[in-house]
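K.L.:
model the structure of this input:
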Amino acid sequence: MLLLLLLPAAGQEAADTVVQTVRTDTLRKQQAGVTALQEADLLLDMIARQSQEKYVKDSLLRDSIAKREAFLHDSLVMVLTERDSLLRAMLRGVQDSLDILLAAERAQKAYEDSVQRDAYIRDSVAKQITSELGVQKLQLTPYLVKDSQEDAAELKRMRKNIFSPWRSDALVQVQFAENYATENWYQGGNTFNFNLLMLAKGNAVYKKDNYVWENVGEWRTGVANSPNDTLRKYNITDDLLRIYSKFGYQVFKNLYVSSSAEFKTSLWSVWNTNANTVKTAFLTPIRFNLDLGLDYKPVTGLSIMVAPVSYKMIYALYSDERVNVKSFGIEEGKKILNDVGSSMRVKWKWQPLREIALETEFYLYTNYKRVEIDWQTDCNFIINRFLTTRVSIHPRYDNTVILTGDEKAKVQFKEMISVGFSHKFN
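P.N.:
Numbering: from 1, shown residues only. Sure, this is the predicted structure:
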């Protein structure tokens with residue numbers, strides 16, 4: 001009983017094992033002559049060894065559990081790390097997909113914007129073409145003879161005009177002509193002859209918003225034989241250097257407030273037949289007109305300008321005995337005429353076909369006492385890009401000149417038909 005009380009409370013199984021062991025050992029010891037004291041020492045030693053064995057087993061078990069826990073922890077960490085890597089890869093894939101979707105959306109938006117912008121540009125160009133050309137769509141000038149090179153040049157000119165406020169063209173002609181003029185033609189010349197005509201004319205027009213600026217430069221020289229002149233074999237039949245500029249501001253539809261200036265002069269001496277006097281000479285006369293008024297443009301190519309205020313100046317560089325300055329309206333002994341009045345200028349350009357181009361200009365000036373009227377019409381019949389037939393009709397009336405005696409102002413008339421080289425620049 002004493003030994004059983006000394007046993008540690010290690011559970012029922014351990015107690016049974018100890019009892020059995022004690023019984024066995026007690027029997028052996030009795031047979032071997034072991035005393036009770038020795039038996040108690042042996043029993044304590046045995047219990048100590050069993051406790052040590054149990055401690056070792058428990059330590060091994062704890063080490064095994066710790067290793068298993070460490071393995072499980074490492075495995076769990078590895079699984080979590082792999083899962084995090086997979087999650088991050090998945091997130092990167094999702095982000096890349098989102099970026100691709102956003103890029104595609106931006107590309108689609110940019111494409112839609114470009115389509116909308118292109119449509120706006122097309123509408124703007126169509127409106128500008130409509131306003132400039134007066135048609136609903138871009139089309140070539142009607143023609144009688146097909147010319148692919150001329151078509152390409154006209155299309156190129158139209159495209160240039162769409163994106164530039166400037167419109168420009170130039171014409172150069174060298175032609176042989178038949179000429180008729182009345183005897184009282186203000187520039188002189190023979191009644192009927194053949195002559196060589198050289199002409200250069202350029203136009204430059206600036207149009208933007210409500211502003212229009214028109215410029216014209218023209219040079220003409222005609223040389224003809226003089227069968228009725230015993231002093232000369234040839235004479236000048238046409239002589240003109242002209243610069244015209246008009247600036248306008250649109251105030252209403254087709255109506256502009258405009259001012260214009262015109263400079264005209266002669267460069268050659270035009271001799272009277274069988275005489276040593278001239279009707280015109282170098283820079284004699286110089287004509288300058290300055291007008292201020294309203295310009296009405298009801299249709300394309302037509303301009304009607306009425307100037308309530310108009311200034312007219314005529315200057316003669318030479319005023320000696322060779323030149324009759326009275327024929328310019330200048331008083332004898334003077335070199336200049338200054339006059340103020342009113343004027344009207346009508347210009348019309350019409351080209352129904354590519355082969356036909358008509359241009360006419362009517363000018364009227366009055367100082368409310370006398371009147372000057374000048375009307376010139378030129379019609380070009382274009383055979384091809386280098387050959388043209390030109391018909392010019394030029395009536396004129398001027399009673400502002402100073403007449404002597406019973407002289408009266410008469411209507412002057414000049415016509416010319418010419419055929420030759422012609423080329424147009426755009």
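
K.L.:
ok, now how distant is the residue nearest in space to the middle of the chain from residue 157?
P.N.:
Geometric centre of the chain, nearest residue: residue 163, 3.6 Å, by CA atoms, centre = their mean. For residue 163, the distance to residue 157 equals 12 Å [CB to CB, to the nearest Å]. C-beta here means a position set from N, CA and C on the backbone, and glycine is covered the same way.

K.L.:
now residue 72
P.N.:
89 Å.

K.L.:
one step back: list residues touching both of residue 163 and residue 157?
P.N.:
When contacts are counted by CB atoms under 8 Å, 6 or more residues apart in numbering, the set common to residue 163 and residue 157 is empty.

K.L.:
then residue 46 would be within a helix, right?
P.N.:
Yes: according to DSSP: H, G, I helix; E, B strand; the rest coil, residue 46 belongs to a helix.

K.L.:
what pLDDT does it get?
P.N.:
Predicted confidence (pLDDT) for residue 46: 74.

K.L.:
what about it, neighbour count?
P.N.:
14 (other CB atoms under 10 Å).

K.L.:
between residue 72 and residue 157, tell me which one has more neighbours.
P.N.:
Counted by other CB under 10 Å, residue 72 and residue 157 do not tie: residue 157 has more neighbours, with 13 against 10.

K.L.:
need the pLDDT of the more buried one.
P.N.:
Per-residue pLDDT puts residue 157 at 80.

K.L.:
and the one 4 residues further on, by the same measure?
P.N.:
On the pLDDT scale, residue 161 is placed at 76.

K.L.:
please identify the helix or strand for it.
P.N.:
Taking DSSP states H and E as the criterion, residue 161 maps to helix 148-163.

K.L.:
please compute how far that helix lies from its chain's middle.
P.N.:
In this view, helix 148-163 has its centroid 15 Å away from the chain centroid, taken as CA atoms, centre = their mean, to the nearest Å.

K.L.:
helix or strand next in line after that helix, which one?
P.N.:
Next helix or strand after helix 148-163 toward the C-terminus (DSSP H and E): strand 166-181.

K.L.:
now the helix or strand that that next one is followed by, how far from the centre of its chain.
P.N.:
Counting by DSSP H and E, the next helix or strand C-terminal to strand 166-181 is strand 192-208. In terms of CA atoms, centre = their mean, the gap separating the centre of strand 192-208 from the centre of its chain is 30 Å.

K.L.:
buried sites along strand 192-208?
P.N.:
In terms of neighbour count (16 or more other CB atoms under 10 Å), strand 192-208 has its buried residues at 193, 195, 196, 197, 198, 199, 201, 203, 207.

K.L.:
show me where pLDDT drops low in the stretch 301-426 of the chain?
P.N.:
Counting by pLDDT under 70, the stretch 301-426 of the chain contains no low-confidence segment.

K.L.:
need the strands for it, in chain order.
P.N.:
302-315, 336-353, 356-366, 371-384, 387-398, 412-425 (DSSP state E, counting those that start in this stretch).

K.L.:
now those strands in CSV, with mean neighbour count?
P.N.:
Formatted as CSV, these follow (neighbours: other CB atoms under 10 Å):
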stretch, mean neighbour count
strand 302-315, 18
strand 336-353, 16
strand 356-366, 17
strand 371-384, 17
strand 387-398, 17
strand 412-425, 17
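
K.L.:
dump these to CSV, plus distance to residue 226.
P.N.:
Shown next, in CSV, are those (distance: least, CB to CB, whole Å):
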stretch, distance to residue 226
strand 302-315, 27
strand 336-353, 30
strand 356-366, 29
strand 371-384, 24
strand 387-398, 20
strand 412-425, 17
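
K.L.:
turn the buried residues of strand 192-208 into CSV, including pLDDT.
P.N.:
Formatted as CSV, the buried residues of strand 192-208 follow (pLDDT from 0 to 100):
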residue, pLDDT
193, 64
195, 80
196, 90
197, 90
198, 93
199, 94
201, 95
203, 95
207, 92
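
K.L.:
out of these, which is nearest to residue 277?
P.N.:
Relative to residue 277, the closest of those is residue 193; by CB to CB it sits at 20.0 Å.

K.L.:
where along the stretch 1-150 of the chain do the helices fall?
P.N.:
In the stretch 1-150 of the chain, helices defined by DSSP state H, counting those that start in this stretch lie at 2-6, 12-32, 36-133, 148-163, listed in chain order.

K.L.:
and the ones you listed, which one is worst for confidence?
P.N.:
Here the lowest mean pLDDT among those goes to helix 2-6, at a mean of 40.

K.L.:
so residue 319 makes contact with residue 328?
P.N.:
No: Residue 319 is beyond contact range of residue 328, at 9.6 Å (criterion: CB atoms under 8 Å).

K.L.:
more neighbours: which of those two?
P.N.:
Per other CB under 10 Å, whichever of residue 319 and residue 328 has more neighbours is residue 328, with 25 against 20.

K.L.:
how is the spatially closest residue to residue 211 that is not a sequence neighbour assigned, secondary-structure-wise?
P.N.:
The shortest distance from residue 211 to any non-neighbouring residue, by CB to CB, 6 or more residues apart in numbering, is to residue 249 (6.1 Å). Put simply, residue 249 is strand when judged by three-state DSSP.
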